[in-house]
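Peer 1: Sharing a sequence plus its predicted fold:
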Amino acid sequence: MSTFFAMGGYAAYVWPAYGVAAAVLIGVWIASVRGLRARESEIEAVEAERPRRERR
Amino acid sequence: MHRYANPARFQRLSRAVFPWSAGLTVLFLGLGLWFALFDSPPDYQQGETVRIMYIHVPAAWMSLFAYTCVAVASAVLLVWKHPLAELAARAMAPVGASFTAVCLITGSLWGEPMWGTWWVWDARLTSVLVLFFLYLGYIALANAFDDPTRGGRAAAILALVGVVNVPIIKFSVDWWNTLHQPASVMRLGGPTIDPSMLRPLLLMALGFTFYFLTVTLIRIRAEILARRLRALQFAAGAAAEPSGIRQASA
(Lines give C-alpha, C1' and ligand atoms only; values in the text may rest on other atoms or scores of the structure.)
Protein backbone atom coordinates (compact mmCIF):
# COMPACT_ATOMS: atom_id res chain seq x y z
CA MET A 1 0.00 0.00 0.00
CA SER A 2 2.75 2.42 0.96
CA THR A 3 4.67 1.42 -2.18
CA PHE A 4 1.60 2.49 -4.14
CA PHE A 5 1.59 5.94 -2.52
CA ALA A 6 5.38 6.22 -2.89
CA MET A 7 5.05 5.88 -6.69
CA GLY A 8 8.61 4.63 -7.00
CA GLY A 9 9.96 7.74 -5.32
CA TYR A 10 8.07 10.08 -7.62
CA ALA A 11 5.12 10.67 -5.31
CA ALA A 12 5.87 14.41 -5.14
CA TYR A 13 5.20 14.65 -8.87
CA VAL A 14 2.53 12.06 -9.61
CA TRP A 15 0.05 12.85 -6.84
CA PRO A 16 0.04 16.63 -7.33
CA ALA A 17 -0.54 16.00 -11.04
CA TYR A 18 -3.64 13.91 -10.30
CA GLY A 19 -4.65 16.36 -7.59
CA VAL A 20 -4.47 19.43 -9.84
CA ALA A 21 -6.42 17.65 -12.56
CA ALA A 22 -9.12 16.58 -10.10
CA ALA A 23 -9.31 20.02 -8.51
CA VAL A 24 -9.61 21.82 -11.85
CA LEU A 25 -12.08 19.43 -13.46
CA ILE A 26 -14.30 19.06 -10.41
CA GLY A 27 -14.04 22.79 -9.81
CA VAL A 28 -15.17 23.65 -13.34
CA TRP A 29 -18.09 21.20 -13.07
CA ILE A 30 -19.22 22.70 -9.76
CA ALA A 31 -18.79 26.28 -11.02
CA SER A 32 -20.81 25.45 -14.13
CA VAL A 33 -23.68 23.91 -12.17
CA ARG A 34 -23.70 26.82 -9.73
CA GLY A 35 -23.72 29.27 -12.64
CA LEU A 36 -26.70 27.47 -14.17
CA ARG A 37 -28.61 27.49 -10.88
CA ALA A 38 -27.89 31.22 -10.46
CA ARG A 39 -29.17 31.98 -13.96
CA GLU A 40 -32.28 29.83 -13.35
CA SER A 41 -33.18 31.72 -10.16
CA GLU A 42 -32.48 35.09 -11.80
CA ILE A 43 -34.84 34.21 -14.63
CA GLU A 44 -37.51 33.07 -12.18
CA ALA A 45 -37.21 36.33 -10.28
CA VAL A 46 -37.57 38.48 -13.38
CA GLU A 47 -40.41 36.42 -14.85
CA ALA A 48 -42.31 36.57 -11.55
CA GLU A 49 -42.13 40.36 -11.54
CA ARG A 50 -43.29 40.75 -15.11
CA PRO A 51 -46.83 42.12 -15.42
CA ARG A 52 -49.10 39.32 -16.56
CA ARG A 53 -50.29 39.71 -20.12
CA GLU A 54 -54.05 40.05 -20.39
CA ARG A 55 -55.64 36.83 -21.49
CA ARG A 56 -57.99 37.30 -24.42
CA MET B 1 -28.60 22.23 -37.81
CA HIS B 2 -30.99 25.12 -37.78
CA ARG B 3 -33.60 22.87 -36.13
CA TYR B 4 -31.57 23.24 -32.94
CA ALA B 5 -31.30 27.00 -33.28
CA ASN B 6 -34.54 27.02 -31.34
CA PRO B 7 -33.38 27.08 -27.72
CA ALA B 8 -36.38 25.12 -26.46
CA ARG B 9 -35.62 22.31 -28.88
CA PHE B 10 -31.98 22.39 -27.89
CA GLN B 11 -32.94 22.25 -24.21
CA ARG B 12 -34.99 19.11 -24.87
CA LEU B 13 -32.12 17.45 -26.69
CA SER B 14 -29.68 18.51 -24.01
CA ARG B 15 -31.91 17.17 -21.25
CA ALA B 16 -32.14 13.81 -23.02
CA VAL B 17 -28.41 13.52 -23.65
CA PHE B 18 -27.18 14.83 -20.31
CA PRO B 19 -27.72 11.80 -18.05
CA TRP B 20 -26.03 9.50 -20.56
CA SER B 21 -23.13 11.86 -20.99
CA ALA B 22 -22.70 12.26 -17.25
CA GLY B 23 -22.92 8.51 -16.69
CA LEU B 24 -20.38 7.72 -19.40
CA THR B 25 -18.08 10.36 -17.94
CA VAL B 26 -18.07 8.63 -14.57
CA LEU B 27 -17.77 5.18 -16.15
CA PHE B 28 -14.81 5.96 -18.40
CA LEU B 29 -13.00 8.08 -15.82
CA GLY B 30 -13.47 5.33 -13.25
CA LEU B 31 -12.16 2.63 -15.58
CA GLY B 32 -9.40 4.91 -16.81
CA LEU B 33 -8.21 5.73 -13.31
CA TRP B 34 -8.26 2.07 -12.32
CA PHE B 35 -6.01 1.12 -15.21
CA ALA B 36 -3.90 4.28 -14.94
CA LEU B 37 -3.11 3.91 -11.25
CA PHE B 38 -3.33 0.16 -10.61
CA ASP B 39 -3.55 -2.05 -13.66
CA SER B 40 -0.74 -0.77 -15.86
CA PRO B 41 3.04 -1.19 -15.64
CA PRO B 42 5.65 1.44 -14.80
CA ASP B 43 7.78 2.56 -17.71
CA TYR B 44 11.20 0.91 -18.08
CA GLN B 45 12.83 4.35 -18.29
CA GLN B 46 10.39 6.73 -16.62
CA GLY B 47 9.17 4.52 -13.80
CA GLU B 48 5.94 5.53 -12.12
CA THR B 49 6.03 9.06 -13.58
CA VAL B 50 4.53 7.55 -16.71
CA ARG B 51 1.23 7.61 -14.82
CA ILE B 52 1.22 11.39 -15.24
CA MET B 53 0.85 10.70 -18.96
CA TYR B 54 -2.68 9.38 -18.35
CA ILE B 55 -3.73 12.88 -17.28
CA HIS B 56 -1.34 14.99 -19.34
CA VAL B 57 -1.99 13.51 -22.79
CA PRO B 58 -5.80 13.35 -22.62
CA ALA B 59 -5.81 16.92 -21.29
CA ALA B 60 -3.63 17.99 -24.22
CA TRP B 61 -5.92 16.24 -26.70
CA MET B 62 -8.96 17.91 -25.14
CA SER B 63 -7.32 21.35 -25.21
CA LEU B 64 -6.88 21.02 -28.98
CA PHE B 65 -10.30 19.44 -29.50
CA ALA B 66 -12.06 22.14 -27.48
CA TYR B 67 -10.28 24.94 -29.33
CA THR B 68 -11.24 23.36 -32.65
CA CYS B 69 -14.85 23.18 -31.45
CA VAL B 70 -14.73 26.86 -30.45
CA ALA B 71 -13.31 27.70 -33.88
CA VAL B 72 -15.97 25.68 -35.70
CA ALA B 73 -18.72 27.31 -33.63
CA SER B 74 -17.17 30.70 -34.39
CA ALA B 75 -17.18 29.96 -38.12
CA VAL B 76 -20.82 28.85 -37.93
CA LEU B 77 -21.64 32.06 -36.08
CA LEU B 78 -19.90 34.31 -38.57
CA VAL B 79 -21.06 32.54 -41.73
CA TRP B 80 -24.60 31.40 -40.86
CA LYS B 81 -25.31 33.65 -37.86
CA HIS B 82 -26.58 30.56 -36.01
CA PRO B 83 -27.79 31.96 -32.67
CA LEU B 84 -26.64 29.05 -30.52
CA ALA B 85 -23.17 28.96 -32.09
CA GLU B 86 -22.04 31.98 -30.12
CA LEU B 87 -23.39 30.57 -26.88
CA ALA B 88 -21.74 27.22 -27.52
CA ALA B 89 -18.36 28.83 -28.19
CA ARG B 90 -18.65 30.95 -25.03
CA ALA B 91 -19.58 27.85 -23.06
CA MET B 92 -16.67 25.74 -24.32
CA ALA B 93 -13.82 28.23 -24.08
CA PRO B 94 -13.32 28.16 -20.28
CA VAL B 95 -13.40 24.36 -20.25
CA GLY B 96 -10.80 24.24 -23.01
CA ALA B 97 -8.66 26.72 -21.12
CA SER B 98 -8.89 24.50 -18.03
CA PHE B 99 -7.74 21.45 -19.97
CA THR B 100 -4.82 23.49 -21.34
CA ALA B 101 -3.85 24.57 -17.83
CA VAL B 102 -4.00 20.96 -16.61
CA CYS B 103 -1.85 19.91 -19.58
CA LEU B 104 0.77 22.58 -18.85
CA ILE B 105 0.89 21.96 -15.09
CA THR B 106 1.02 18.16 -15.33
CA GLY B 107 3.60 18.53 -18.08
CA SER B 108 5.80 20.58 -15.76
CA LEU B 109 5.35 18.02 -12.99
CA TRP B 110 6.45 15.34 -15.43
CA GLY B 111 9.28 17.39 -16.93
CA GLU B 112 11.02 18.19 -13.67
CA PRO B 113 11.88 14.59 -12.69
CA MET B 114 12.35 13.33 -16.27
CA TRP B 115 13.96 16.24 -18.11
CA GLY B 116 15.42 18.02 -15.10
CA THR B 117 13.43 21.19 -15.81
CA TRP B 118 9.97 22.56 -15.07
CA TRP B 119 9.88 24.43 -18.36
CA VAL B 120 11.67 24.80 -21.66
CA TRP B 121 10.88 27.12 -24.53
CA ASP B 122 10.64 24.38 -27.11
CA ALA B 123 8.11 24.46 -29.95
CA ARG B 124 5.49 22.20 -28.34
CA LEU B 125 5.45 23.82 -24.91
CA THR B 126 5.59 27.35 -26.29
CA SER B 127 2.76 26.80 -28.77
CA VAL B 128 0.57 25.21 -26.08
CA LEU B 129 1.23 28.22 -23.85
CA VAL B 130 0.14 30.41 -26.77
CA LEU B 131 -3.01 28.28 -27.00
CA PHE B 132 -3.70 29.01 -23.34
CA PHE B 133 -3.34 32.75 -23.96
CA LEU B 134 -5.63 32.48 -26.99
CA TYR B 135 -8.30 30.93 -24.78
CA LEU B 136 -7.90 33.70 -22.19
CA GLY B 137 -8.01 36.30 -24.94
CA TYR B 138 -11.18 34.77 -26.35
CA ILE B 139 -12.91 34.85 -22.96
CA ALA B 140 -11.77 38.42 -22.23
CA LEU B 141 -12.79 39.71 -25.65
CA ALA B 142 -16.19 38.05 -25.60
CA ASN B 143 -16.97 39.74 -22.29
CA ALA B 144 -15.43 43.13 -23.13
CA PHE B 145 -18.45 44.64 -24.87
CA ASP B 146 -21.70 46.06 -23.51
CA ASP B 147 -23.51 44.27 -26.33
CA PRO B 148 -22.70 40.57 -25.96
CA THR B 149 -23.42 39.78 -29.62
CA ARG B 150 -20.67 42.18 -30.65
CA GLY B 151 -18.35 40.58 -28.11
CA GLY B 152 -19.23 37.14 -29.42
CA ARG B 153 -18.49 38.18 -32.97
CA ALA B 154 -15.14 39.80 -32.09
CA ALA B 155 -14.11 36.76 -30.09
CA ALA B 156 -15.17 34.50 -32.97
CA ILE B 157 -12.73 36.32 -35.25
CA LEU B 158 -9.96 35.86 -32.69
CA ALA B 159 -10.78 32.16 -32.42
CA LEU B 160 -10.52 31.69 -36.18
CA VAL B 161 -7.28 33.66 -36.43
CA GLY B 162 -5.80 31.50 -33.67
CA VAL B 163 -6.89 28.15 -35.08
CA VAL B 164 -3.67 27.97 -37.13
CA ASN B 165 -2.00 27.23 -33.78
CA VAL B 166 -3.69 23.83 -33.60
CA PRO B 167 -1.80 22.18 -36.48
CA ILE B 168 1.33 24.03 -35.34
CA ILE B 169 1.05 22.35 -31.95
CA LYS B 170 0.37 18.97 -33.52
CA PHE B 171 3.32 19.10 -35.93
CA SER B 172 5.69 21.10 -33.72
CA VAL B 173 7.53 17.95 -32.65
CA ASP B 174 8.14 17.08 -36.32
CA TRP B 175 8.92 20.54 -37.68
CA TRP B 176 11.29 21.64 -34.92
CA ASN B 177 14.01 20.11 -32.77
CA THR B 178 12.04 19.73 -29.54
CA LEU B 179 12.75 18.38 -26.09
CA HIS B 180 9.14 17.20 -26.06
CA GLN B 181 8.94 13.71 -27.48
CA PRO B 182 7.41 12.98 -30.90
CA ALA B 183 4.00 11.39 -31.37
CA SER B 184 3.58 7.80 -30.24
CA VAL B 185 -0.20 7.49 -30.70
CA MET B 186 -1.62 9.76 -33.39
CA ARG B 187 0.78 9.00 -36.19
CA LEU B 188 0.87 7.42 -39.64
CA GLY B 189 1.76 3.79 -39.14
CA GLY B 190 -0.26 3.54 -35.95
CA PRO B 191 0.59 3.80 -32.28
CA THR B 192 3.98 2.71 -31.05
CA ILE B 193 2.92 2.84 -27.42
CA ASP B 194 2.48 -0.46 -25.60
CA PRO B 195 -1.15 -1.70 -25.42
CA SER B 196 -0.98 -1.89 -21.62
CA MET B 197 -0.42 1.85 -21.64
CA LEU B 198 -2.64 2.68 -24.58
CA ARG B 199 -5.64 1.23 -22.75
CA PRO B 200 -5.69 3.66 -19.78
CA LEU B 201 -4.74 6.48 -22.13
CA LEU B 202 -7.76 5.92 -24.37
CA LEU B 203 -10.10 5.31 -21.44
CA MET B 204 -9.07 8.58 -19.81
CA ALA B 205 -9.40 10.34 -23.18
CA LEU B 206 -12.97 9.03 -23.52
CA GLY B 207 -13.70 10.07 -19.95
CA PHE B 208 -12.41 13.57 -20.58
CA THR B 209 -14.41 13.80 -23.81
CA PHE B 210 -17.70 12.90 -22.13
CA TYR B 211 -16.78 15.27 -19.30
CA PHE B 212 -16.33 18.02 -21.87
CA LEU B 213 -19.69 17.23 -23.45
CA THR B 214 -21.47 17.11 -20.08
CA VAL B 215 -20.04 20.36 -18.76
CA THR B 216 -20.60 22.08 -22.13
CA LEU B 217 -24.29 21.13 -22.04
CA ILE B 218 -24.60 22.63 -18.55
CA ARG B 219 -22.82 25.79 -19.63
CA ILE B 220 -24.81 26.25 -22.85
CA ARG B 221 -28.05 26.03 -20.88
CA ALA B 222 -26.71 28.71 -18.56
CA GLU B 223 -25.72 30.90 -21.53
CA ILE B 224 -29.21 30.53 -23.05
CA LEU B 225 -30.77 31.65 -19.77
CA ALA B 226 -28.34 34.54 -19.41
CA ARG B 227 -29.18 35.76 -22.89
CA ARG B 228 -32.92 35.41 -22.23
CA LEU B 229 -32.51 37.31 -18.96
CA ARG B 230 -30.77 40.10 -20.77
CA ALA B 231 -33.57 40.27 -23.34
CA LEU B 232 -36.19 40.39 -20.55
CA GLN B 233 -34.33 43.14 -18.75
CA PHE B 234 -34.11 45.11 -21.96
CA ALA B 235 -37.82 44.65 -22.61
CA ALA B 236 -38.60 45.76 -19.06
CA GLY B 237 -36.37 48.79 -19.53
CA ALA B 238 -38.06 49.69 -22.80
CA ALA B 239 -41.51 49.28 -21.28
CA ALA B 240 -40.56 51.62 -18.43
CA GLU B 241 -39.56 54.27 -20.99
CA PRO B 242 -42.64 54.74 -23.12
CA SER B 243 -41.15 57.59 -25.13
CA GLY B 244 -38.55 56.86 -27.78
CA ILE B 245 -37.38 53.61 -29.28
CA ARG B 246 -34.45 51.84 -27.62
CA GLN B 247 -31.96 50.11 -29.84
CA ALA B 248 -31.09 46.70 -28.41
CA SER B 249 -27.93 46.42 -30.47
CA ALA B 250 -25.87 48.92 -32.36
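Peer 2: Thanks, I have the structure now. Numbering: from 1, shown residues only, chains lettered A, B, ... in the order given.

Peer 1: quick one: the helices in chain B?
Peer 2: Assigned by DSSP state H, chain B shows helices spanning B:7-37, B:53-80, B:83-115, B:123-142, B:148-162, B:165-175, B:195-240.

Peer 1: Quick one: closest of those helices to residue B:189.
Peer 2: Closest to residue B:189 of the helices of chain B is helix B:165-175 (Cβ to Cβ; 13.2 Å). C-beta: built from backbone N, CA, C; applies to glycine.

Peer 1: Up against chain B, what does chain A have?
Peer 2: A:4, A:7-10, A:13-14, A:16-18, A:20-21, A:24-25, A:28-29, A:32-33, A:35-36, A:39-40, A:42-43, A:46-47, A:50 (Cβ under 8 Å from any Cβ of the partner chain).

Peer 1: Show me just the buried residues among those.
Peer 2: Neighbour-count burial (16 or more other Cβ atoms under 10 Å in any protein chain shown) applied to the residues of chain A next to chain B gives A:7-8, A:10, A:13-14, A:16-18, A:20-21, A:24-25, A:28-29, A:32, A:35-36, A:39, A:42-43.

Peer 1: Narrow those to those in helices?
Peer 2: Filtering these for helices - DSSP H - leaves A:13-14, A:16-18, A:20-21, A:24-25, A:28-29, A:32, A:35-36, A:39, A:42-43.

Peer 1: what does chain B put close to chain A?
Peer 2: Contact residues, chain B versus chain A (Cβ under 8 Å from any Cβ): B:37-38, B:42, B:47-49, B:51-52, B:55-56, B:59, B:94-95, B:98, B:101-102, B:105-106, B:109-110, B:112-113, B:211, B:214-215, B:218-219, B:221-222, B:225-226, B:228-229, B:232-233, B:236.

Peer 1: so what's residue 22 scoring on pLDDT?
Peer 2: I went with chain A, as the question did not name one. On the pLDDT scale, residue A:22 is placed at 98.

Peer 1: let's do chain B instead
Peer 2: 98.

Peer 1: again with the one 4 residues further on
Peer 2: Here, the pLDDT recorded for residue B:26 equals 98.

Peer 1: okay, now residue B:176: neighbour count?
Peer 2: Residue B:176: 14 surrounding residues under other Cβ atoms under 10 Å in any protein chain shown.

Peer 1: can you pull the pLDDT of it?
Peer 2: Model confidence at residue B:176, given as pLDDT, is 95.

Peer 1: can you tell me which residues contact the nearest residue to it once chain neighbours are set aside?
Peer 2: Nearest non-adjacent residue to residue B:176, counting by Cβ to Cβ, 6 or more residues apart in numbering or on different chains: residue B:123, 3.8 Å away. Taking Cβ atoms under 8 Å, 6 or more residues apart in numbering or on different chains as the criterion, residue B:123 is in contact with B:168, B:172-173, B:175-176, B:178, B:180.

Peer 1: rerun that using 10 Å as the cut-off
Peer 2: By Cβ atoms under 10 Å, 6 or more residues apart in numbering or on different chains, residue B:123 lies in contact with B:168-169, B:171-180.

Peer 1: Residue B:224 now?
Peer 2: By Cβ under 10 Å, 6+ apart, the contact list for residue B:224 reads A:36, A:39, A:43, B:7-8, B:10-11, B:14, B:83-84, B:87-88, B:91.

Peer 1: How about residue B:136?
Peer 2: Counting by Cβ under 10 Å, 6+ apart, residue B:136 makes contact with B:93-94, B:97, B:100-101.

Peer 1: now, the most widely separated pair of the residues you listed?
Peer 2: Largest separation among the contacts of residue B:136 by Cβ to Cβ: B:93 and B:101, giving 12.6 Å.

Peer 1: will you turn the contacts of residue B:136 into a markdown table that also has neighbour count and pLDDT?
Peer 2: Below are those laid out as a markdown table (neighbours: other Cβ atoms under 10 Å in any protein chain shown; pLDDT from 0 to 100):
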| residue | neighbour count | pLDDT |
| --- | --- | --- |
| B:93 | 26 | 98 |
| B:94 | 19 | 98 |
| B:97 | 24 | 98 |
| B:100 | 25 | 98 |
| B:101 | 18 | 98 |
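
Peer 1: Now do residue 37: how many residues are near it, please.
Peer 2: Using chain A here. Neighbour count for residue A:37, taken as other Cβ under 10 Å: 11.

Peer 1: you looked at the wrong chain, it should be chain B
Peer 2: Residue neighbour count, defined by other Cβ under 10 Å, stands at 16 for residue B:37.

Peer 1: What is the neighbour count of the nearest residue to residue B:213 once chain neighbours are set aside?
Peer 2: Computed as Cβ to Cβ, 6+ apart, the closest residue to residue B:213 that is not its neighbour in sequence is residue B:21, at 4.8 Å. By other Cβ under 10 Å, 20 other residues sit near residue B:21.

Peer 1: go on, residue B:112?
Peer 2: Other residues close to residue B:112 by other Cβ under 10 Å number 16.
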